[in-house]
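[1] one predicted model, sequence on top.
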Amino acid sequence: MGRERTLAIIKPDAVKQRAMGPILQRYEEEGFRIVEMKLARLTKAEAETFYAVHRARPFFQSLISFMISGPVVVVLLEGERAVERHRTLMGATDPAKAAEGTLRKRYGKSIEENAVHGSDSEATAKDEIAFFFGAAAVSP
Ligand code: CMP
C-alpha cells in the first residue's frame, strides 16, 4: 500500500464547538502529515458538487444546509494507508454507533452533524483532493 493521501473536512459543528485545534492535534498525534489546509465557507454550489453522490438521498438538502452553515476546515492528510486509517480514526457515520476514542464519538452530535468527513476510498480521495486542492495535490 504505502503512503497515500486522503481528504478530511472538519465540519461546521466541530468548528463551532472549537474542536478544530484538538482534531488537528489528533491528526498529528496519529502520525498523519498535514500537507494542505484551509478554513473555508463552502458555497451551496460547492457543497452540492462535493456531495453529488448523495443527491437522491432524503437527507441531501439538510446536509447541504448544514455544510454551508459555518466555516469548515478542509485538510489534505498524508500517511501510510491514510484513507483507511483516517476512516478508522473518524468512526462510524452515526456518532451513537462510533467506537470509543473516535472523532465522531467524541465530537459528533448526530448522524448529520458528525464532526468530520473523510474520503471513503482511494478513488474518492483522488476526486475529493483534486476538487479542493487541484490535480497536482492528489499523489504524495
Ligand atoms: P459524510 O461522511 O460527510 O458523508 C455524507 C454525509 O451525509 C455524512 O457524513 C453525514 O453528515 C450525512 N448523512 C449520512 N447519512 C445520513 C442520514 N441518514 N441522515 C442525515 N445525514 C446523513
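    That came in fine, so what should we check first?

[2] list the buried residues for stretch 122-136?
    By neighbour count on 16 or more other CB atoms under 10 Å, the buried set for stretch 122-136 is 125-126, 128-129, 132-133. From N, CA and C alone the C-beta is placed, and that goes for glycine too.

[3] mind giving me the packing neighbours of the helix ranked longest in the chain?
    Ranked by residue count under DSSP state H, the longest helix found in the chain is helix 122-133. Judged by 3 or more CB pairs under 8 Å, 6 or more residues apart in numbering; DSSP states H and E, the packing partners of helix 122-133 are strand 3-10, helix 44-50, strand 72-80, helix 82-90.

[4] partner strands of the first one and their direction?
    With DSSP bridges as the test, strand 3-10 is paired with strand 72-80 (antiparallel), strand 116-118 (antiparallel).

[5] dump the C-alpha coordinates for it into PDB.
    Extracted C-alpha coordinates of strand 3-10, given in PDB (Å, rounded to 0.1, in the frame of the first residue of the first chain):
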ATOM      1  CA  ARG A   3       2.000   6.400   1.600                       C
ATOM      2  CA  GLU A   4      -1.200   7.900   0.300                       C
ATOM      3  CA  ARG A   5      -3.400  11.000   0.700                       C
ATOM      4  CA  THR A   6      -6.900  11.500   1.900                       C
ATOM      5  CA  LEU A   7      -9.300  14.400   2.300                       C
ATOM      6  CA  ALA A   8     -10.700  15.400   5.600                       C
ATOM      7  CA  ILE A   9     -13.200  18.100   6.400                       C
ATOM      8  CA  ILE A  10     -13.700  19.400   9.900                       C
END
